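Asker: give me a model of this one.
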Amino acid sequence: SVSTGQHDVIINMAASTSDGSARPESDVYDGLRHRKPPTETTARTGSTGESTKEMSEPPNSSNSNHMRLETGTYWLTRIVFLRSLGLIYFVAFLVALHQNKALLGTDGLLPANLYLQKVQQHVAADPAGSAWTVVPSLLWWVDWESDLDVWLDRLAYLGAALSSIVMVTGCANMVIMTSLWILYHSIVNVGQRWYSFGWESQLLETGFLAIFFCPLLTLHPLPRRTPPPLVVIWGYRWLIFRIMLGAGLIKIRGDQCWRDLTCMNYHYQTQPVPNPISYYLHQTPETMHKFETFSNHFIELVAPWFMFLTRPFRFTNGFLQILFQVVLIISGNLSFLNWLTILPSICSFDDAHLAFLFPSWRGGTKWRVAQIQREEQTGRGPSPAWGQLVRQVVHVSLAGLIAYLSIPVVQNLLSSRQAMNTSFDPLRLVNTYGAFGSVTKERTEVIFQGTYAMSPADPSAVWEEYEFKCKPGNVTRRPCLISPYHYRLDWLMWFAAFQNYNYNNWLVHLAAKLLVNDPGAESLIAHNPFHGRNPPRYIRAEHYRYSYTRIGSAAAKEGKWWKRRRLGEYLPPVSLESLRQYIRQHGWNMPAMKQ
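Answerer: Here you go, the predicted model:
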């Protein structure tokens, strides 16, 4: 066998030609690999295995700090992608675990058991219908009428456990990814208004493609017989293209301010849940806002086309898209939407691009990928197996399915009446996306207040305010910073401020629960002024207009982030007795004080 020092000498000697010029290192390894070892060496070791092992080392293995990977493979891409997807799934299931019982449980604001009963009634009237096809969910297979809350927790716990495995290890198989997809589908499809956001469908589409990114059963970061399939890589590239182009087109076709380059004058202040940085970005010069709007149009309408060009263009598009999402993460609390949108852009990069994320030590992931590349170049990869043929058939079928389901999506993109965040199939496999087609110019908020007064019309009544987790309320409270976490109630409160309570029956239900200091309702808000005391006699909701204080102004120096002006009454004062009939009409349980 050849010692390490002798090996280096051989490399240095073989790396120069008779005229003194350097030979490519790959040629050096080709020569060494085919060189027959001396007979006496073979006799001394009794085997050529060690020499063969050394000769199969990846390029630059003797100096791993300078290891370079070849382009065109996606082993590291898959690892980075799966870890990122595991993180998003974990956050989504964590949100479900923390909030779903209070939102969807038997005593939730919109109980899922009542929703499922209505689906059953609808299906019963249609002999050809099926509850499973109308609302695909595992809950149909359990006793959801009696144990809904238990099963909501079980779905969330199992999803969080599986996603944490993927997040930590960077590896998965089709069984795990299919399970995650079905578990989240089961929650989203009974989520009603609370799960009506576009990123729910986006996560389901992303998760569906990830099923085919992995081996069937093997759980290893580098499953040698299952290289990352190009059909999935291009499936994700097609996804990010549709997401960004759809978002860009809905803006150009929508609000005039996108064409005037003035939308960013308002966005930071009026977005659903601002963060502290939004306060400062809102007050940058108007020329900066115009540049932001123009940059938005370039990244959403021009850069996506780079995906269909050469490798340098795909790299440029991937870099721009990820940078854009990072800026959005910094400037607002848009749930896990922007984190999720980074994922398909990762597939713009191959192993050579992402090698810097992995250490170069011998035996490490990057070292093993270099070894795999070397084996493929020299034809020493695994021999073909019937399983690989089956996977090829599956991949061709997947490509055909994506192409077929993309037809209505493309038609929608081309339509002047473009719809955003729409699914055209019940499983949400290929969807259309978009965001902020219109931008609100003023921020309004619904503020809940309670009082002990005998009469709500009493001018001397003292009304105490409730505080929500993240949405603006108290003008001195600093805006929150929670992304990628998601407070679902706060988001719907933002939408409710544009409408009235007649369109949001859950809001009246929330008022009824606060009238008894309901623990579930309290878990959804930050501060109940009546906690630990008797609940209020009356609750009302007031409508306010909010705007940022100016940096350096007297109000800002007093610690105020916002200034507000009352617009009027949103929900008139209600008592528990006055809501009794309303609650019965909706089939909800009558709120009662917990003993």
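
Asker: nearest residue to the middle of the chain?
Answerer: Note on the chain: the residue nearest the mean C-alpha position is L340, at 2.9 Å, using CA atoms, centre = their mean.

Asker: please report phi then psi for it.
Answerer: phi -70, psi -40 (degrees, to the nearest 10).

Asker: other residues contacting stretch 550-559?
Answerer: Contacts made with stretch 550-559 from outside it, assessed by CB atoms under 8 Å, 6 or more residues apart in numbering, are listed as Y280, Q283, T476, T549, K563. Where C-beta positions appear, they are placed from N, C-alpha and C, glycine not excepted.

Asker: coming back round to it: enumerate every residue touching the residue nearest to the centre of the chain.
Answerer: L340 sits in contact with I88, W199, Q202, L203, T206, where contact means CB under 8 Å, 6+ apart.

Asker: one more time with 10 Å, if that's ok
Answerer: 84-85, 87-89, 91-92, 199-200, 202-203, 206, 243, 325, 334, 484 (CB atoms under 10 Å, 6 or more residues apart in numbering).

Asker: show me where pLDDT drops low in this protein?
Answerer: Filtered on pLDDT under 70, the chain yields the residue ranges 1-66, 595.

Asker: any idea how far G568 lies from G450?
Answerer: Separation of G568 from G450 (CB to CB, to the nearest Å): 19 Å.

Asker: quick one, which of those two is more surrounded?
Answerer: G450 (24 against 7; other CB atoms under 10 Å).

Asker: contact partners for the more buried one?
Answerer: Contacts of G450 by CB under 10 Å, 6+ apart are 462-466, 511, 514-515, 517, 528-530, 535-540, 573.

Asker: what does N189 give?
Answerer: So N189 contacts 112, 115-116, 119, 134-140, 195, 200, 204, 426-428 (CB under 10 Å, 6+ apart).

Asker: for it, give its distance to L162.
Answerer: 19 Å.

Asker: returning to that earlier point: cross the contacts of G450 against helices and list the overlap.
Answerer: Counting by DSSP state H, the part of those found in helices is A511, L514.

Asker: show the buried residues in the contacts of G450.
Answerer: 463, 466, 511, 514-515, 517, 528, 530, 535-540, 573 (16 or more other CB atoms under 10 Å).

Asker: for those residues, which one is nearest L405?
Answerer: A511 (42.3 Å; CB to CB).

Asker: if we can go back for a sec, nearest residue to the residue nearest to the centre of the chain in space, please, no chain neighbours.
Answerer: Leaving aside its chain neighbours, L340 sits nearest to I88 (5.2 Å; criterion: CB to CB, 6 or more residues apart in numbering).

Asker: surely the one you found meets I342?
Answerer: Yes. If you go by CB atoms under 10 Å, I88 and I342 touch, sitting 9.2 Å apart.

Asker: compare those two (neighbour count), which wins?
Answerer: I88 (23 against 20).

Asker: any idea whether the more buried one is helix, strand or coil?
Answerer: helix (DSSP: H, G, I helix; E, B strand; the rest coil).

Asker: which parts of the stretch 51-200 of the chain are helices?
Answerer: 75-104, 112-124, 131-134, 144-169, 174-188, 198-211 (DSSP state H, counting those that start in this stretch).
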